[in-house]
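Participant: Quick one, structure for this:
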Amino acid sequence: MPSALIKTPVDPAAASRAESRARVLPGARRLSDGSVLHWWVEVLLVAIFYSVYSAIRNDNEGSASTALRNALRLIDWQKALGINHERALQEWALGHEPLVIACNYFYGSLHFVVTVGVLVFLYRRFSDDYPFWRNVLAITTALALIGFVFWPLMPPRLLPSSFGFVDTLDLHPTFWSFKRGLVNRISNQYAAMPSVHCAWALWCTIVLVPRLRWPWTKGLAALYPVGTVTSIVLTANHFLLDAVGGFLVLGLGYAVALVLDRARRAWGLHHPSTFT
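Facilitator: Next up is the predicted model:
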């Protein structure tokens with residue numbers, strides 16, 4: 001069991017200081033180690049972090065020629081592995097319009113809605129676990145920037161028409177399309193490797209499955225990454241190896257967060273963003 005889930009003895013002096021501070025600042029939630037979280041601080045931190053992440057990602061798009069060259073290289077890797085099936089899968093899906101539209105909505109909305117919902121669920125129901133898993137998510141997302149900055153990748157939907165891919169978000173507009181409006185002007189079109197959609201989806205599953213009560217809810221949580229991989233491929237927004245990259249980055253993010261958490265415990269420090 002991860003050390004982040006192990007209960008630590010409560011320091012009476014720290015608990016007393018935390019309780020005193022909690023009376024001053026509203027929205028307090030005390031953890032078992034005596035530190036205190038405040039929901040409004042967490043919201044502010046998440047907003048700042050995502051704003052910085054988005055700025056770095058969107059300001060480092062890279063050139064179209066480099067992104068295309070990397071895409072051709074990745075396609076060669078997939079052919080060598082026998083998994084270069086995105087075009088065939090999308091061609092089949094295009095014959096089932098309701099499925100494509102459902103994938104559009106899945107890709108365009110659940111990525112944020114479910115992840116934020118899981119963060120809130122953790123904060124409210126498993127407060128002691130929240131800081132560790134919040135850090136895993138943040139570190140994973142930050143690590144993804146390395147790929148975006150140093151290995152721009154042209155997604156299938158932007159490849160030359162000879163490759164046969166269709167941008168389904170543009171074909172069947174849902175909430176937005178990469179080809180028009182504000183999203184087109186500010187988004188990094190080549191931020192594809194690793195897939196943050198897949199990294200966040202697997203993070204949600206890992207967090208939810210051990211903590212949900214009913215088998216059917218556990219099953220839905222377990223299937224969430226499957227639905228995510230399906231949607232990113234059928235909408236031509238990612239290659240299969242992008243999903244693998246997302247899962248690997250999540251694993252690295254977990255390892256880094258675990259090392260930092262153990263170091264924090266060894267030094268007797270409180271969770272980042274908490275007050276004492």
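Participant: Only C-alpha atoms from now on, for both contacts and neighbour counts.
Facilitator: OK.
Participant: What average pLDDT does the host helix or strand of residue 231 get?
Facilitator: Under the criterion of DSSP states H and E, residue 231 resides in helix 215-234. Mean per-residue pLDDT for helix 215-234: 98.
Participant: What is the helix or strand just after that helix packed up against?
Facilitator: Counting by DSSP H and E, the next helix or strand C-terminal to helix 215-234 is helix 240-266. When contacts are defined as 3 or more CA pairs under 8 Å, 6 or more residues apart in numbering; DSSP states H and E, helix 240-266 packs onto helix 130-150, helix 196-208, helix 215-234.
Participant: low-confidence ranges in the stretch 1-150 of the chain?
Facilitator: Across the stretch 1-150 of the chain, the ranges flagged by pLDDT under 70 are 1-25.
Participant: switch the cut-off to 90
Facilitator: For the stretch 1-150 of the chain, applying pLDDT under 90 flags the ranges 1-36, 38, 54, 58-62, 108-109.
Participant: Distance check, residue 231 against residue 26.
Facilitator: Separation of residue 231 from residue 26 (CA to CA, to the nearest Å): 41 Å.
Participant: Compare neighbour counts for those two and give me the winner.
Facilitator: Neighbour tally, residue 231 and residue 26, criterion other CA atoms under 10 Å: the higher count belongs to residue 231, 24 against 11.
Participant: Isn't the more buried one up against residue 110?
Facilitator: No - assessed by CA atoms under 8 Å, residue 231 is found out of contact with residue 110, at 10.6 Å.
Participant: quick one, the helix holding residue 231 and helix 240-266 angle?
Facilitator: Put simply, helix 215-234 runs at 130 degrees to helix 240-266, going by axes from the mean of the first three to the mean of the last three CA atoms, to 10 degrees.
Participant: what inclination does helix 215-234 have with respect to helix 196-208?
Facilitator: Using the same axes, to 10 degrees: helix 215-234 against helix 196-208 is 170 degrees.
Participant: pLDDT below threshold where in the stretch 151-276 of the chain?
Facilitator: Ranges of the stretch 151-276 of the chain meeting pLDDT under 90: 169-189, 263-276.
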